[in-house]
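**Q** Dropping a prediction and its sequence here:
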Amino acid sequence: MPYNKVLLLAWERIVSMTVRTRIAPSPTGDPHVGTAYIALFNLCFAKQHGGQFILRIEDTDQQRSTAKSEQMIYDSLRWLGLDWDEGPDKGGDFGPYRQSERGDIYQQYAQQLIDQGHAFKCYRTPKELDELRAEIKADGENRALKPFDLLLSEAEQQQRANDGQPFVVRMQVPESGTCVVNDLLRGDIELDWSMVDAQILLKSDGMPTYHLANVVDDHLMQISHVLRGEEWINSAPKHQLLYQYFDWPMPQLCHLPLLRNPDKSKLSKRKNPTSILYYQRMGYLAEAVVNYLARMGWSMPDEREKFSLDDMLTAFDIQRVSLGGPIFDLDKLSWLNGLWIRESLTTEQLADQLTAWALNRDNLLTVLPHVQARMDTLSDFIPKTAFLVAGQLTITEADFTALKLDTNEQVKILQFCLWRFESLNDWQRDALFAELSGLAEAFELKLKDFLAPLFIAVAGTTASFSVMDAMALLGSDMTRARLRHAIEVLGGVSKKQMKALDKAYRGLNTGQ
Ligand code: GLU
């Protein structure tokens, strides 16, 4: 074939390929800033190529997924202006877009892999798996669990099947060698097969794991580019192998740098507020949050700090993503937000923003039931509720000294509550009440005394309406940020103290 014909064909392929990108958040807990960050880059990449951006809901963890959390993903992404072309709420030609509704599809593909010898049923019990791992370690080997480790004799396998014992479906993986995965930003990445385990594809409840579901869905939804967080690099060999097993073309992978805490660890809710709702409640503008997330991994060609989503869409080039771990810096976000408020809003627009943010009828109707009984005049309203919209409170150590308990005990209460709240998925008044009264009992304290430091931390005073109601209104991230701040105000916790507290907390848990 003449060379120019080859070039023409290659060009036609690029032109005819529709770029389709997606995000696949799990609807568990509050919507995460990391989801918005990845969504932003997927949206920009798709739009730059005239393609589509898809929202798929990864709700295969039936225990933790909730409809409320799914709704919060929609609401928070819409608030940020990161809209999608296809999704569970919008439909599209490649649905259903909720993985829990695609169970039969995954079953069918898992069966295909079993039939072709690329996957197998594994009846090993959790205890056996622990033992196998311990054996590998005892042999001084540093490698993953492989299919041959898991193999049972024919008779044993048959016996367990006949007994109706639970099983999972696992994939076959090579024992050793190097796997090369291509990444749009990083080029070829080499990974060691010995570290890749015989990944579970279907769990014992028949639900797929992320690995099977994401490969099957990306293929069936004709996703051309997978832009996701760099924490998935180590999973890429498994995904590439699954594409080979199915004989499907593989989408182009692109791993974006992770957002990090100031200490460089992965952005986590233990150290930083990660909920988009927190940033909304803190009074950041959607435009500034998007601008800030964009600046986390990317720069405009002229390197300017302040730009809109439209500016970014116009100038987007994925190669301008920088791979260094971007640090999530709240001071910088506040600075940028200030620029947006002062430079980009007219007074009228600012009034509209404030109204939409907190001073609207819906919000008043939510808050008023808690304060109406304490009001003599309308002017009581703002002082009694200011803490709900105050962002960070200006409390001092002196605010805590009037309380009955000593500082150490107060810090202990605040830290224990913080730990409890980190794992509390159901952020409702009743659930909070149950947690806190359980803890107060474990401390052998009257609820009133136990709650006093929480009142100061959350509302700035003990003379406020119910602190559980206040926490429910403020949300999990804002509440936890206030508890962390209160602990700092009380002098913080040294590493040594933290260790002791951690031990006491564990003792408390097991003692229940
Ligand atoms: N549920 C995964 C996450 O949110 C999806 C990862 C992916 O994009 O493949 O991290």
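**A** Structure received. Residues are numbered from 1 along each chain as shown.

**Q** in stretch 448-461, what's buried?
**A** Judged by neighbour count using 16 or more other Cβ atoms under 10 Å, the buried positions of stretch 448-461 are F450, L451, A452, P453, L454, F455, I456, A457, V458, A459, G460. In this view, the C-beta of every residue, glycine as well, is placed from N, C-alpha and C.

**Q** Quick check: residues of the stretch 101-250 of the chain near the ligand?
**A** N214, R228, G229, W232 (Cβ under 6 Å from any ligand atom).

**Q** can you rerun that using 5 Å?
**A** Proximity of the stretch 101-250 of the chain to the ligand (Cβ under 5 Å from any ligand atom) is limited to residues N214, R228.

**Q** what do you get for the chain?
**A** Within the chain, the positions adjacent to the ligand are A24, P25, S26, E58, N214, R228 by Cβ under 5 Å from any ligand atom.

**Q** SS state for the second one?
**A** Same thing as P25. With DSSP: H, G, I helix; E, B strand; the rest coil as the basis, the three-state label of P25 is coil.

**Q** Same question for the fifth one.
**A** Classification of N214 by three-state DSSP places it in helix.

**Q** quick one on the thing from earlier: now the buried residues of stretch 448-461 as TSV including secondary structure and pLDDT?
**A** Formatted as TSV, those follow (DSSP: H, G, I helix; E, B strand; the rest coil; pLDDT from 0 to 100):
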residue	secondary structure	pLDDT
F450	helix	96
L451	helix	97
A452	helix	96
P453	helix	97
L454	helix	97
F455	helix	97
I456	helix	97
A457	helix	98
V458	helix	98
A459	helix	97
G460	coil	96
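
**Q** Closest one of those residues to A486?
**A** Lowest distance from A486 to these (Cβ to Cβ) belongs to A457, with 3.4 Å.

**Q** surely the closest one meets R480?
**A** No: with contacts counted by Cβ atoms under 8 Å, A457 stays clear of R480, the gap being 10.0 Å.

**Q** pLDDT for the residues of the chain next to the ligand - can I get that in CSV?
**A** Shown next, in CSV, are the residues of the chain next to the ligand (pLDDT from 0 to 100):
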residue, pLDDT
A24, 97
P25, 97
S26, 95
E58, 96
N214, 97
R228, 97
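
**Q** Of those, which pair is most distant in space?
**A** Spanning the widest gap among the residues of the chain next to the ligand are S26 and R228, at 12.9 Å by Cβ to Cβ.

**Q** For the residues of the chain next to the ligand, please prepare TSV with the additional fields distance to Y37.
**A** Formatted as TSV, these follow (distance: Cβ to Cβ, whole Å):
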residue	distance to Y37
A24	14
P25	11
S26	15
E58	17
N214	18
R228	11
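
**Q** Now tabulate the residues you listed in TSV and tack on neighbour count.
**A** As requested, these are exported to TSV (neighbours: other Cβ atoms under 10 Å):
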residue	neighbour count
A24	23
P25	21
S26	19
E58	20
N214	23
R228	21
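
**Q** Could I get the full set of strands for this protein?
**A** 20-23, 52-55, 119-122, 168-171, 178-183, 187-192, 200-202, 225-229, 252-256 (DSSP state E).

**Q** any idea which of those strands is most buried?
**A** strand 20-23 (a mean of 27; mean count of other Cβ atoms under 10 Å).

**Q** hmm, who's touching it?
**A** For strand 20-23, contacts defined as Cβ atoms under 8 Å, 6 or more residues apart in numbering pick out 35, 38-39, 42-43, 45-46, 51-56, 84, 218, 221-227.

**Q** Same check on stretch 197-206?
**A** 62, 103, 106-107, 110, 113, 119, 122, 144-147, 149-150, 166-173, 208-209, 211-212, 238.

**Q** Quote the end-to-end distance of that stretch.
**A** Using Cα to Cα, to the nearest Å, the end-to-end distance of stretch 197-206 comes to 20 Å.

**Q** Same question for it: list its buried residues.
**A** D197, A198, Q199, I200, L201, L202, K203.

**Q** quick one, what contacts the residue in the chain that the ligand sits nearest to?
**A** Here the chain gets closest to the ligand at one residue, R228, 3.5 Å apart by Cβ to the nearest ligand atom. Contacts for R228 (Cβ under 8 Å, 6+ apart) come out as I38, L253, C254, H255, L256.

**Q** what about the stretch 401-512 of the chain, any weak spots by pLDDT?
**A** 509-512 (pLDDT under 70).

**Q** how about the helices of it, start to end?
**A** Along the stretch 401-512 of the chain, the segments classed as helices by DSSP state H, counting those that start in this stretch run 407-422, 429-442, 447-459, 467-474, 476-489, 495-510.
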